[in-house]
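Student: Sharing a sequence plus its predicted fold:
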Amino acid sequence: MKILAVCGFGVGSSLILKMTITKALRELGLDAEVVNTDITDAKSYRADAIFTSPQFVSDLTGSVKAPLYPINKYSDKDEVKQQLKTLFNQN
Amino acid sequence: MVEAIPRSRIQIVEAVDDYQAAITLAAKPLLDEGFIEAPYIQAMLDALETHGPYIVLADHFALPHARPSEAVKQTGLSLLLVREAVDVKTNPVHVFIVLAAKDDQAHIKVLGGLAEFLMEPQNIQDIIAASTRDDVHTLLKERWTLT
C-alpha cells in the first residue's frame, strides 16, 4: 500500500500531511508507505491512494487512476483517520 | 537552527484588513532580516489564489509558503498572531506561520516538529490565548521539538 500526500509545491503542506498520515496509521495499527509530492508529479506517480485538498481532488479527477481522498485540514488527525479507515476497509 | 522561530520574528496585532495584509505582515520580519525578497510574498499570495486554502492546516492556523526560489535567501519561519480572526477563503485564522524554504531539504526537520505541534489542537488555542510575544516565544520553545 502506497499513499501519496499532495500539495501545490510538494515542500510544505504535503510534508505536514505525510506526517499526519504516518502518525494516524501508527495509532490505527495500520501499515503503508507514505510519500509526498506536488500536484504536477502526482499525475505521473503510481500510488494506491491519493490524499489531498478538495480543490486538488477536483483538479486530479480524471487524470489519475488511484482513488482520491479529500482532506480539508492537513493537520487534522481525526479527519485523516476517517479517510484511512475508508481506504483500508475497501482493500 | 537553535530555535524554530526567534522572538524577533514573532508579531501580535489586533486586526488586519484581509488575508493578503496578514500574509504580507507575517512575512515582514523575514523580509527585514534578508531571508526573503519581496517576490516571495507575491508568490505566496498567488499560490493561495491558484491552489486554494489548503495552507489552513488546522483550525485557526495557516502556513503561507511558496515554492523554493531565488527570492528565498535563507530558510526561516516567522509568526503573526491576529487577535481578530482573519477570513482566509471562509476559514477563520488567528495564527499565521510563514515558511520560507531555500531548497526542498533544509526545512524538513523543523516541519517535523511543526507537524507534531499542530496535531495537538490545544497548542494553537494556547498561542491564540497568549498575551505577549514572550509568551508565544516561550510556548513555542517548550512545545515545538526540534530534532
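Tutor: That came through fine.

Student: give me phi/psi at B:Q105?
Tutor: According to degrees, to the nearest 10, the main-chain angles of B:Q105 amount to phi -120, psi -40.

Student: neighbours around it, how many?
Tutor: When neighbours are counted by other Cβ atoms under 10 Å in any protein chain shown, B:Q105 registers 11. Where C-beta positions appear, they are placed from N, C-alpha and C, glycine not excepted.

Student: can you pull the contacts of it?
Tutor: With contacts defined as Cβ atoms under 8 Å, 6 or more residues apart in numbering or on different chains, B:Q105 has no neighbours.

Student: Look up how far B:L111 lies from it.
Tutor: 11 Å (Cβ to Cβ, to the nearest Å).

Student: what's A:I3 in contact with, if anything?
Tutor: A:21, A:32-35, A:47-51, A:87.

Student: Helices along chain B, start to end?
Tutor: Secondary structure of chain B, counting by DSSP state H: helices at B:19-32, B:38-51, B:108-119, B:121-129, B:133-143.

Student: From B:L25, how far off is B:D18?
Tutor: Taking Cβ to Cβ, one finds B:D18 at 11 Å from B:L25.

Student: Could you list the low-pLDDT ranges of the chain?
Tutor: All of this refers to chain A. Scanning chain A for pLDDT under 70 picks out A:91.

Student: that's the other chain; I wanted chain B
Tutor: B:1-2, B:147.

Student: So for chain B, which residue is the most central one in space?
Tutor: B:I97 (0.7 Å; Cα atoms, centre = their mean).

Student: what bridges to that one?
Tutor: As for beta bridges, B:I97 partners with B:L79 under DSSP bridges.

Student: what's near enough to touch it?
Tutor: For B:I97, the contacting residues are B:5, B:26, B:61-64, B:77-79, B:114, by Cβ under 8 Å, 6+ apart.

Student: and if we set it to 7 Å?
Tutor: By Cβ atoms under 7 Å, 6 or more residues apart in numbering or on different chains, the contact list for B:I97 reads B:63, B:77, B:79.

Student: likewise A:L17?
Tutor: The contact partners of A:L17, taken as Cβ under 7 Å, 6+ apart, are A:5, A:7, A:36, A:51, A:71, A:74.

Student: In what element of secondary structure is it found?
Tutor: helix A:13-28 (DSSP states H and E).

Student: same deal with A:D59?
Tutor: Assigned by DSSP H and E, A:D59 falls within helix A:54-60.

Student: So which elements touch that helix?
Tutor: The helices and strands touching helix A:54-60, judged by 3 or more Cβ pairs under 7 Å, 6 or more residues apart in numbering or on different chains; DSSP states H and E, are helix A:39-42, strand A:68-70.

Student: thinking again about what came up before, make a markdown table from the contacts of B:I97 and add neighbour count and distance to B:Q125 to it.
Tutor: Formatted as a markdown table, those follow (neighbours: other Cβ atoms under 10 Å in any protein chain shown; distance: Cβ to Cβ, whole Å):
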| residue | neighbour count | distance to B:Q125 |
| --- | --- | --- |
| B:L63 | 24 | 17 |
| B:L77 | 28 | 20 |
| B:L79 | 21 | 15 |
